[in-house]
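Asks: Here's a sequence, model it:
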Amino acid sequence: ILYLLSYLKRVQPVSTILTILLMAIVGSGIAYMIRVIGYESPYYAGLNLIYLSLMLTPWGFRRPLFTCSMVYSFYLVPILLFDINNINLDAFSNNNMFQLETIVIVVVVNYFQAGRRKSEIINRLTIAKQAKELEDLEAKSLDLEKKLREREKEIADLRKQLGALGEDIKVRREGDKIVL
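Replies: Below you'll find the model as predicted:
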């Protein structure tokens, strides 16, 4: 739904905020399920789906890092506040490492995708500029060819006139006779 809304002109300026808000709502829901069932629950992997979905956004480095950190805090803070005394260190460290590694992957991929998108945009703009310059050169070339044909016609006409003038000079009249 959010994707379809992003095509509306009025929604585009706030689409980033809406996306972060959606991630926060879904993330807090999953974090609440984990809180109710317990931090050793495999539902923590559902948070990874939220992190991975951020790879579909055209964001750079900071927004995915902020959003992932926010969702991760929904998971981590209740555990640290309420379960710190009875924590199973193996399960806790395993779950956290899995999430942190996923967050690092998402942030790094988004960073490089943003750089790739930027260079692609620059390349497309450069190609468009070069295509425009080529069009202008072709138009100038056609114009110069037209002017060249006009000049060649003028030169041919001048040669005809000079040839006729030369014939007139060669021919002189002496009385009724034509002397060559």
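Asks: going forward, measure contacts and count neighbours with C-alpha atoms only.
Replies: Noted.
Asks: so where is the protein shaky, pLDDT-wise?
Replies: Along the chain, segments meeting pLDDT under 70 span 1-3, 6, 12, 166-180.
Asks: elements contacting the lengthiest helix in it?
Replies: Selection of the longest helix in the chain by residue count, based on DSSP state H, yields helix 89-170. Using 3 or more Cα pairs under 8 Å, 6 or more residues apart in numbering; DSSP states H and E as the contact test, the elements touching helix 89-170 are helix 44-53, helix 62-82.
Asks: Just want the angle from that helix to helix 62-82.
Replies: Calculated by axes from the mean of the first three to the mean of the last three Cα atoms, to 10 degrees, helix 89-170 forms an angle of 170 degrees with helix 62-82.
Asks: coming back round to it: can I get the helices and strands packed on helix 89-170 in TSV including mean neighbour count?
Replies: Listed next are the helices and strands packed on helix 89-170 as TSV, based on neighbours: other Cα atoms under 10 Å:
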stretch	mean neighbour count
helix 44-53	19
helix 62-82	18
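Asks: Nearest approach to L144 belongs to which of those helices?
Replies: Closest to L144 of the helices and strands packed on helix 89-170, according to Cα to Cα: helix 62-82, at 53.9 Å.
Asks: helices and strands around that closest one, which ones?
Replies: Secondary structure elements in contact with helix 62-82, counted by 3+ Cα pairs under 8 Å, 6+ apart, are helix 15-37, helix 44-53, helix 89-170.
Asks: before we move on, the earlier item: okay, the helices and strands packed on helix 89-170 in TSV with distance to M33 next?
Replies: Compiled in TSV, those are given as follows (distance: least, Cα to Cα, whole Å):
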stretch	distance to M33
helix 44-53	9
helix 62-82	10
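Asks: Just to check, I30 is in contact with Y43?
Replies: Yes. With contacts defined as Cα atoms under 8 Å, I30 counts as touching Y43 at a distance of 7.2 Å.
Asks: Centre of the chain to stretch 30-50, how far?
Replies: With Cα atoms, centre = their mean, to the nearest Å as the basis, stretch 30-50 stands 35 Å off its chain's centre.
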